[in-house]
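S.K.: Have a look; sequence and predicted model below, questions after that.
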Amino acid sequence: MAPRIEVAQAHAELGLGDSAPGFRDLLGTDGRRYSSTSFRDSRQLVLIFVGNACPSVKAYGSELRRIHEVYGPAGAQLVAVNSNKDYLSPADTYAEMVKVAEARGWGFPYLKDEDGALAQGCGALTTPHAFVFDGDRKLRYRGRITDSRDPSKATSTDLTNAIEDLQAGRRVKEPETQPIGCSIVW
């Protein structure tokens with residue numbers, strides 16, 4: 001069965017406060033199929049669009065694992081999504097995704113968005129590009145992980161700040177930042 005997504009308009013950028021696009025039947029590196037309802041019990045849904053060969057994603061591989069380990073127990077569900085076309089980017093085949101998830105120790109779902117519909121529904125353009133939805137699945141943050149391509153030089157932890165604000169019941173102080181990374185390979 002081909003992946004499906006319910007979006008009103010392809011390539012439409014989600015606005016802050018907009019509802020998360022629904023999706024179904026996306027294959028995870030654990031061999032399971034996922035839909036938006038797979039995460040319905042999470043307090044926050046954190047979608048991060050990634051690419052296996054992107055230097056920025058590689059640099060933040062362990063940081064994504066840390067975010068999952070620290071904020072997951074409090075209800076933030078991290079989900080990595082690969083929307084790159086594997087025939088244009090051989091590093092992004094499903095088989096390579098499985099290897100990368102294992103090598104990086106990612107204990108969270110890593111999904112293949114074969115047709116790019118989820119990325120288009122969110123308005124993702126780069127890897128990494130993060131989207132944080134609250135418990136009602138309203139967009140509360142979109143942008144970068146931090147303000148640097150090099151985690152050791154980051155001065156602002158934008159993604160974790162947004163997650164912490166939501167987990168504390170606060171409005172996200174900086175709800176939108178410019179993502180830093182590679183273009184999604186359409």
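M.R.: Structure's in. What do you need? None of these values were measured; they are calculated from a predicted model.
S.K.: tell me which element the residue minimising distance to the centre of the chain falls in.
M.R.: Most central residue of the chain, judged by C-alpha distance to the mean C-alpha position with Cα atoms, centre = their mean, is residue 48 at 1.3 Å. In this structure, residue 48 sits in strand 44-49 according to DSSP states H and E.
S.K.: which secondary structure elements does that strand contact?
M.R.: Strand 44-49 makes packing contacts with helix 61-71, strand 76-82, helix 117-122, strand 129-133, helix 158-167 when contacts are defined by 3 or more Cβ pairs under 8 Å, 6 or more residues apart in numbering; DSSP states H and E. All C-beta atoms are positioned from the backbone trio N, CA, C, and that covers glycine.
S.K.: just to revisit the earlier point, give the contact list for the residue nearest to the centre of the chain.
M.R.: By Cβ atoms under 8 Å, 6 or more residues apart in numbering, the contact list for residue 48 reads 64, 78-81, 128-131, 145.
S.K.: for this protein, which spans come out with low pLDDT?
M.R.: The model of the chain has pLDDT under 70 over residues 1-12.
S.K.: Now with 50, please.
M.R.: 1-11 (pLDDT under 50).
S.K.: picking that back up, so in terms of bridging, what pairs with the residue nearest to the centre of the chain?
M.R.: When bridges are called by DSSP bridges, residue 48 pairs up with residue 80, residue 130.
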